[in-house]
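> sequence first, predicted coordinates after that:
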Amino acid sequence: MTDEIQMGLMQPHPLLISSLIVHAERHHGDGQIVSRRVEGDLHRYHWRDVARRSRQVARALDAMALPLSARVATLAWNGYRHLELYFGVSGSGRVLHTINPRLHPDQIAWIANHAGDQVLCFDLSFLPLVQAVHGKCQTIRHYVALCDRDALPSDSAIPGLISYEQWVEEQSDDYHWPQFDENAASSMCYTSGTTGNPKAVMYSHRSTLLHAYGAALPDSMAISARDVILPVVPMFHVNAWGIPYAAALAGSTLVFPGPLLDGKSVYQLMEQEGVTFAAGVPTVWQMLLDHVKGEGLQFSTLKRTVIGGSACPPAMIQAFQEQYGVEVIHAWGMTETSPLGTLCTLKNKSLMLPEEEQMKLRRKQGRVLYGIDFKIVGDDGGELPWDGKTFGDLHVKGPWVVRDYFPGTDNAALVDGWFPTGDVATIDADGYLQITDRSKDVIKSGGEWISSIDIENIAMAHPAVQLAACIGVSHRKWDERPVIVVVRREQMALDRDELLQFYEGKIAKWQIPDEVIFVEAIPLGATGKMLKSKVRQMPEVAAYCALAASRQ
Ligand code: AMP
């Protein structure tokens, strides 16, 4: 007996992003990519064109003498040129840094400097933004406008600005993708930074490819060659949840909405292009549902949609499913998890349950896909039971979960190899996860926890409520009490008492909010999440909190 391990005798091809586009070109070359352009028209071409032009991008970067691992930033909508950068930049060994254009300009400049970006490629819609920040971006040496040669503004005041089409077309497409370590950095994305400066997650080729396999699994997004996919989730928000990579892997058709994300534009594009699968955050889907409902329309090709990024209101799941026959897959993830962590597809035994019970499960954030493991822990760090009731801090691990934030100083604070997500959750005996809160948003009333998400979901099920945010307000006797901040639907009446009555019978009496505060709008962050810290600062809300404090 020898103790030496026998190595496998299989080919050691590294898992590189370039291999996805090589595959898409060879095996799905005539698969379509449709993009609504900033210019307003629809652009159509095929995977083989994406591959050809990605190679030209790679050569254009070589021509700039950009070293391996140099960061190439984008400020761009979902579209074909952005897709070419996904493959051209990462495939050539550079790092694609997708910047969220909805961030404050100072934050964008901070991010670009922190990442050390050397090139910035941007859609012309963001020209004013780039004009505002380029003086503060110390490392960017090249600016590329994602437009045709003749659309390049002559008076942009941005030094050396070149059009993408000129930049790419000057290059031959004769290029061989370099082979390197699959653990090399491929792309990076900053977290939304609701607390302090944003943090940079740097993905590797390996993590991206494994995540793409995971994304395509049947109990995940079930992405196939038969799908026509519309990623409404932006390519600047965690790589559009990995859809561009998974679509290349599966050979799906891609439909990009460009800058038009209103309900009418998204619906028209879906119908016109025969979209079968779409993904996005609840706020965008609300606009779509409002449009479809208002106009009395139906979806003729859409079969399923993944909704995540923040809790999907049960009323939305029900509306899609019962009124329009569209399956909703509720998903949880974060920038730090690439982002897919859990998706809510049912197990066989759950399908035996009565409809109502099944719907209860569908409201949860779902089960982990292979590659991720999770646990909930208590204050002492000990693992808590999976009983669907006990909640604790959610920790995750896996090959597409962050180990460290860029530039890498052990700052992701792993606990025994697990990443503490900052979310609070329950897990039931079948492994369905339910997020109850961000840990900082948890409300503690009389020693008992109240889930702000539960309180919001009930309010959102009221037909006159457009958006609702639940916050905890200090209370002399109970520590904290929930208060619900509500935006009413246009032209719909709703008063405090009616909404409070609506809670009755749906949750325990002591969980019903103490007060309803009506506001015109709820502040949303750059990725469409409600910003509770800003909600607290709203004059109406701040006044209530001050009053509550004075009663202490
Ligand atoms: P981000 O990194 O910007 O994508 O934000 C990740 C955070 O969004 C998570 O830690 C959760 O707090 C929240 N989140 C994402 N998906 C969901 C979901 N389905 N339900 C509740 N919260 C979610």
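Perfect, thanks for sending it. Here the structure is a predicted model, which means the values were calculated and not measured. Residues are numbered from 1 along each chain as shown.

> which residue ranges of the stretch 201-350 of the chain form strands?
228-231, 253-256, 277-280, 304-308, 327-333, 340-343 (DSSP state E, counting those that start in this stretch).

> could you give the angle of the fifth one to strand 304-308?
Between strand 327-333 and strand 304-308, the angle formed by their directions is 30 degrees, by axes from the mean of the first three to the mean of the last three C-alpha atoms, to 10 degrees.

> check the offset of strand 327-333 from the chain's centre.
Its chain's average C-alpha position is 11 Å from that of strand 327-333, according to C-alpha atoms, centre = their mean, to the nearest Å.

> if I pick the residue nearest to residue 432 when sequence neighbours are not counted, what's in contact with it?
Of all residues not flanking residue 432 in the chain, residue 364 sits nearest, at 4.6 Å (C-beta to C-beta, 6 or more residues apart in numbering). (Each C-beta comes from the backbone N, C-alpha and C, glycine too.) When contacts are counted by C-beta atoms under 8 Å, 6 or more residues apart in numbering, residue 364 touches 330, 344, 428, 432-434.

> of these, closest to residue 98?
Nearest to residue 98 among the contacts of residue 364 is residue 330, at 24.4 Å by C-beta to C-beta.

> what are the bridge partners for that closest one, then?
residue 307 (DSSP bridges).

> touching, it and residue 359? I think so.
No. Residue 330 is beyond contact range of residue 359, at 11.2 Å (criterion: C-beta atoms under 8 Å).

> more neighbours: those two, which one.
residue 330 (26 against 15; other C-beta atoms under 10 Å).

> can you tell me, leaving aside adjacent residues, what's nearest to residue 520?
Leaving out its chain neighbours, the residue that sits closest to residue 520 by C-beta to C-beta, 6+ apart is residue 487, at 6.9 Å.

> which of the contacts of residue 364 sit farthest apart?
Between any two of the contacts of residue 364, the greatest separation by C-beta to C-beta is 14.5 Å, found for 330 and 428.

> adding mean pLDDT and distance to the ligand, write the strands of the stretch 201-350 of the chain out as TSV.
Putting those into TSV (pLDDT from 0 to 100; distance: least, C-beta to the nearest ligand atom, whole Å) gives the following:
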stretch	mean pLDDT	distance to the ligand
strand 228-231	98	14
strand 253-256	98	20
strand 277-280	97	12
strand 304-308	96	4
strand 327-333	97	4
strand 340-343	98	8
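
> part of a helix, is residue 106?
Yes. If the criterion is DSSP: H, G, I helix; E, B strand; the rest coil, then residue 106 is within a helix.

> how far away is it from the ligand?
Here the criterion is C-beta to the nearest ligand atom, to the nearest Å. By it, residue 106 lies 19 Å from the ligand.

> ok, that residue - contacts?
Residue 106 makes contact with 133, 136, according to C-beta under 8 Å, 6+ apart.

> how about the closest residue to residue 217 other than its chain neighbours, what does it touch?
Spatial nearest neighbour of residue 217, excluding adjacent residues (C-beta to C-beta, 6+ apart): residue 369 at 6.0 Å. The contact partners of residue 369, by C-beta under 8 Å, 6+ apart, come to 214, 217, 219-220, 340-343.

> next: residue 545.
By C-beta under 8 Å, 6+ apart, the residues touching residue 545 are 473-474, 536.

> and residue 45, how many neighbours does it have?
Neighbourhood size, residue 45 [other C-beta under 10 Å]: 14.

> is the residue lying closest to it once chain neighbours are set aside in a helix, a strand, or coil?
Residue nearest to residue 45 in three dimensions, not counting chain neighbours: residue 33, with 5.8 Å by C-beta to C-beta, 6+ apart. Under the three-state scheme (three-state DSSP), residue 33 adopts strand.

> helices or strands up against the lowest-mean-pLDDT helix or strand in the chain?
Ranked by mean pLDDT, DSSP states H and E, the helix or strand of the chain with the weakest confidence is strand 448-450, at a mean of 81. Contact partners of strand 448-450 among helices and strands, from 3 or more C-beta pairs under 8 Å, 6 or more residues apart in numbering; DSSP states H and E: strand 443-445.

> now do the strand it packs on: distance to the chain's middle.
The answer for strand 443-445 is 29 Å, by C-alpha atoms, centre = their mean.

> do stretch 244-262 as well
Between the centre of stretch 244-262 and the centre of its chain there are 14 Å (C-alpha atoms, centre = their mean).

> using PDB, write out every CA atom in that stretch.
These are the backbone C-alpha positions of stretch 244-262, laid out as PDB (Å, rounded to 0.1, in the frame of the first residue of the first chain):
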ATOM      1  CA  PRO A 244     -24.100  36.700 -20.300                       C
ATOM      2  CA  TYR A 245     -21.700  33.900 -19.400                       C
ATOM      3  CA  ALA A 246     -24.400  31.200 -18.900                       C
ATOM      4  CA  ALA A 247     -26.000  32.200 -22.200                       C
ATOM      5  CA  ALA A 248     -22.700  31.700 -24.100                       C
ATOM      6  CA  LEU A 249     -22.300  28.400 -22.300                       C
ATOM      7  CA  ALA A 250     -25.800  27.200 -23.300                       C
ATOM      8  CA  GLY A 251     -26.100  29.000 -26.700                       C
ATOM      9  CA  SER A 252     -29.200  31.000 -25.700                       C
ATOM     10  CA  THR A 253     -30.500  34.000 -27.600                       C
ATOM     11  CA  LEU A 254     -29.900  37.200 -25.700                       C
ATOM     12  CA  VAL A 255     -32.100  40.300 -25.800                       C
ATOM     13  CA  PHE A 256     -30.700  43.500 -24.200                       C
ATOM     14  CA  PRO A 257     -33.000  46.300 -23.200                       C
ATOM     15  CA  GLY A 258     -30.400  49.100 -23.300                       C
ATOM     16  CA  PRO A 259     -31.500  52.200 -21.400                       C
ATOM     17  CA  LEU A 260     -35.200  51.700 -21.700                       C
ATOM     18  CA  LEU A 261     -36.400  49.800 -18.500                       C
ATOM     19  CA  ASP A 262     -39.900  51.200 -18.200                       C
END
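
> pull out the buried residues from that stretch.
244-259, 261 (16 or more other C-beta atoms under 10 Å).

> which bits of the stretch 401-550 of the chain sit near the ligand?
421-423, 435, 438, 527 (C-beta under 6 Å from any ligand atom).

> now render these as a markdown table, adding secondary structure and pLDDT.
A markdown table is the format used below for these (DSSP: H, G, I helix; E, B strand; the rest coil; pLDDT from 0 to 100):
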| residue | secondary structure | pLDDT |
| --- | --- | --- |
| 421 | strand | 95 |
| 422 | strand | 92 |
| 423 | strand | 93 |
| 435 | strand | 94 |
| 438 | strand | 82 |
| 527 | coil | 77 |
